[in-house]
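Colleague: Dropping the sequence and predicted coords here.
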Amino acid sequence: MKRKVNVPSHMVIDKKSGWMYICDTGNKRILRMRINSGTMKRNLSLLYEVLARRVEMENPEWEVFADTDLTDPCGIDVVGNRLFVSDNATNKIIAYDINTKETLGTIQTDATSIKGIKIGPEGKLWYVDFATNRVVRIDPN
């Protein structure tokens, strides 16, 4: 994993499948890792947040989920069998099929610095435009 300055690399867990999807922003890709795989290497000290436990794991099951047509993947959310990713460089939102890894479509937003995204309880897609200090909802036509 590689960090890109001033661009967060969000992650989301698909509780149904046990995959955690990770924006590897500096490497222009999306990774996924099975959250219940690997072995515990050692305990780590707690840092900034109160956690029940913090450990270093090794040899988890992981793979590259997507690595084409991404510049600065940033925000990420999963709903059903769809994964949504915001790209901070292009201000697009890309939808993927989790099972096939195929791109289902893209939305060009009017954001100037898109960051996090979230699918709300009513199925509406929300995103943060950091540069304009806005939270925007996208309604399907």
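Modeller: Perfect, thanks for sending it. What you see is a predicted model, and the numbers here were worked out from it, not measured in a lab.

Colleague: how about the closest residue to residue 71 other than its chain neighbours, secondary structure?
Modeller: Excluding the flanking residues, the one nearest residue 71 by CB to CB, 6 or more residues apart in numbering is residue 89, at 3.6 Å. The C-beta positions use only the backbone N, C-alpha and C, and glycine is treated the same way. What DSSP: H, G, I helix; E, B strand; the rest coil gives for residue 89 is coil.

Colleague: Give me the phi and psi for residue 89.
Modeller: phi -80, psi -40 (degrees, to the nearest 10).

Colleague: Could you check how far it is from residue 52?
Modeller: Computed as CB to CB, to the nearest Å, the residue 89 to residue 52 distance reads 36 Å.

Colleague: okay, and for the protein, where does confidence drop off?
Modeller: When residues are selected by pLDDT under 70, those of the chain lie in 140-141.

Colleague: Now with 80, please.
Modeller: For the chain, the stretches with pLDDT under 80 are 48-52, 140-141.

Colleague: Going by residue numbers, what spans are strands in it?
Modeller: 11-14, 19-24, 29-34, 39-43, 55-58, 62-66, 73-79, 82-87, 92-97, 103-108, 114-119, 125-129, 134-138 (DSSP state E).

Colleague: The ones you listed: which one's closest to residue 2?
Modeller: Closest of those to residue 2 is strand 19-24, at 6.6 Å (criterion: CB to CB).

Colleague: Mind listing the residues bridging to the residue nearest the centre of the chain?
Modeller: Nearest to the mean C-alpha position of the chain, by CA atoms, centre = their mean, lies residue 76 at 2.9 Å. Note on residue 76: beta-bridge partners by DSSP bridges are residue 85.

Colleague: Could you double-check that it sits in contact with residue 83?
Modeller: Yes: contact criterion CB atoms under 8 Å: residue 76 and residue 83 qualify, at 7.0 Å.

Colleague: what residues do the two have in common as contacts?
Modeller: Here residue 76 and residue 83 share the contacting residues 21, 30, scored by CB atoms under 8 Å, 6 or more residues apart in numbering.
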